[in-house]
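coords below, sequence missing:
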């Protein structure tokens, strides 16, 4: 199970990402916000939760085609938890 000091939001985000293949597209919204899309669904977590997973080494942003942070992907460690 996930680290006991990890927030419930982070545990739920990990679970959702694993259930949706561990990879999501990052869509930028008006006003500078972000949403995460995987397998036709919007992720039920906020960018701050994504950042917490990155800071914990459980996920990463992938840059593609000269654009920053176009994909959000779990690391091997994130997939294992």
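Thanks, I have it. Model, not experiment: these values are computed from the prediction.

After the lowest-mean-pLDDT helix or strand in the chain, which helix or strand is next? Please name it.
In the chain, the helix or strand scored least confidently by mean pLDDT, DSSP states H and E is strand 67-74, which has a mean of 87. Reading on from strand 67-74 to the C-terminus, the next helix or strand found by DSSP states H and E is helix 76-80.

quick check, distance from that following helix to the centre of its chain.
Centroid separation between helix 76-80 and its chain, computed with Cα atoms, centre = their mean, to the nearest Å, is 12 Å.

Count the residues that sit near residue 27.
As a burial measure, residue 27 scores 12 neighbours (other Cβ atoms under 10 Å). To be clear about C-beta, it is placed using only N, CA and C from the backbone, and glycine gets the same treatment.

where along this structure do the strands fall?
Ranges of strands within the chain are 23-28, 34-38, 41-42, 59-64, 67-74, based on DSSP state E.

got JSON lines for those strands, with distance to residue 11 too?
Putting the strands of the chain into JSON lines (distance: least, Cβ to Cβ, whole Å) gives the following:
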{"stretch": "strand 23-28", "distance to residue 11": "17"}
{"stretch": "strand 34-38", "distance to residue 11": "16"}
{"stretch": "strand 41-42", "distance to residue 11": "18"}
{"stretch": "strand 59-64", "distance to residue 11": "13"}
{"stretch": "strand 67-74", "distance to residue 11": "13"}
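
Among these, which comes closest to residue 10?
Ranking the strands of the chain by proximity to residue 10 (Cβ to Cβ) places strand 59-64 first, at 9.7 Å.

which other helices and strands contact the closest one?
Counting contacts by 3 or more Cβ pairs under 8 Å, 6 or more residues apart in numbering; DSSP states H and E, strand 59-64 packs against helix 47-55, strand 67-74.

Tell me which of these lies nearest to residue 21.
Closest to residue 21 of the helices and strands packed on strand 59-64 is strand 67-74 (Cβ to Cβ; 9.1 Å).

and that closest one, which strands flank it?
Each strand that pairs with strand 67-74, with its direction, by DSSP bridges: strand 23-28 (antiparallel), strand 59-64 (antiparallel).

for the last one, the distance to its chain's centre please.
The gap between where strand 59-64 is centred and where its chain is centred comes out at 10 Å by Cα atoms, centre = their mean.
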